[in-house]
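> When you get a sec, could you give me coordinates for this:
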Amino acid sequence: MNDITIIGTGSMARGLAHRAVAAGRSIQILAHTERSQAEALAAEVGGTATAGILGDAVEGSIVIPAVPYDAARSVASQYGDGLAGRVYVDITNPIDTSTFDGLAVPAGSSAAEELQRITPATVVKAFNTTFAVTLVPGEVAGHPLDVLIAGDDDSAVQSVADFASSAGLNPLKVGPLRRAQQLEQAGLLIILLAANEGLPQYGPSMALTFLPGS
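Sure thing, here's the model as predicted:
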């Protein structure tokens with residue numbers, strides 16, 4: 001049994017896997033199509049990481065599909081009751097790729113809330129406002145990354161906050177799962193900012209950070 005299952009082998013999966021190993025967590029990495037990709041990532045991050053492929057039994061009590069929103073829905077549907085009793089961390093930003101000017105979820109909802117409708121797992125929103133490249137070191141300009149976390153189950157939210165904290169990150173609990181609507185809008189905003197050629201000082205190596213007042 002592993003602490004965390006990461007589904008995917010892309011840049012976000014890589015960053016999260018590095019943070020999980022830094023936190024001393026045991027992890028299972030499941031590739032989407034090529035087991036060799038999961039094996040390569042497991043070898044890169046080291047620790048006790050194990051490798052498999054989508055469809056293998058999920059071992060982690062925390063499951064993080066590091067995939068786009070549509071693929072995350074497929075993962076939730078594919079595993080069905082196999083996710084019961086687990087914490088499902090939704091990291092997606094469901095951008096409408098036809099316009100790149102909004103989100104592809106119903107008005108008044110969010111990817112996290114839509115996922116909660118189709119899975120028996122407990123969905124927690126987190127990591128959607130952190131860029132992949134910053135997760136490997138876990139900090140930007142000497143500041144640990146802020147991880148904004150939303151969820152309806154206090155225990156599940158705390159488990160994600162504990163993971164973030166043990167990984168050297170700064171967890172910020174922002175409220176119930178419906179706050180995912182604001183987190184996903186913030187995710188869209190910083191993606192657009194990173195892509196803005198008129199602001200070259202920003203990019204995928206930046207971070208959304210909140211500084212406490214005096």
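> what bridges to the residue nearest to residue 175 when sequence neighbours are not counted?
Excluding the flanking residues, the one nearest residue 175 by CB to CB, 6 or more residues apart in numbering is residue 150, at 5.7 Å. No exception for glycine: its C-beta is placed from N, CA and C like everyone else's. Beta-bridge partners recorded for residue 150 (DSSP bridges): residue 125, residue 175.
> now residue 150: how far from residue 123?
Using CB to CB, to the nearest Å, residue 150 is found at 9 Å from residue 123.
> Repeat that for residue 56.
Relative to residue 123, and taking CB to CB, residue 56 is found at 21 Å.
> Which residue of those two possesses the greater neighbour count?
residue 123 (27 against 16; other CB atoms under 10 Å).
> about what we covered before: give me the common contacts of residue 150 and residue 123.
112, 177 (CB atoms under 8 Å, 6 or more residues apart in numbering).
> In the one helix or strand residue 193 maps to, which residues are buried?
Following DSSP states H and E, one finds residue 193 within helix 180-194. Using 16 or more other CB atoms under 10 Å as the test for burial, helix 180-194 gives 180-181, 183-184, 186-188, 190-191.
> ok, now which ones touch the residue nearest to the spatial centre of the chain?
Most central in the chain under CA atoms, centre = their mean is residue 91, positioned 3.2 Å from the mean C-alpha point. Residues in contact with residue 91, defined by CB under 8 Å, 6+ apart, are 12, 16, 64-66, 126-128.
> Equivalent analysis for residue 101, please.
Applying CB under 8 Å, 6+ apart, no residues qualify as near residue 101.
> So for it, what pLDDT did the model give?
Listed pLDDT for residue 101 reads 89.
> Need the phi and psi values for it.
phi -130, psi 20 (degrees, to the nearest 10).
> How about residue 170?
Per-residue torsions, residue 170: phi -110, psi 100 (degrees, to the nearest 10).
> partners of it in the sheet?
Residue 170 has these beta-bridge partners by DSSP bridges: residue 146.
> Can you get me a residue count around it?
17.
> Same question for residue 81.
Residue 81: 9 neighbours (other CB under 10 Å).
> What helix or strand is the closest residue to it other than its chain neighbours located in?
Closest residue to residue 81 apart from its sequence neighbours, by CB to CB, 6+ apart: residue 120 at 5.9 Å. Using DSSP H and E, residue 120 sits within no helix or strand.
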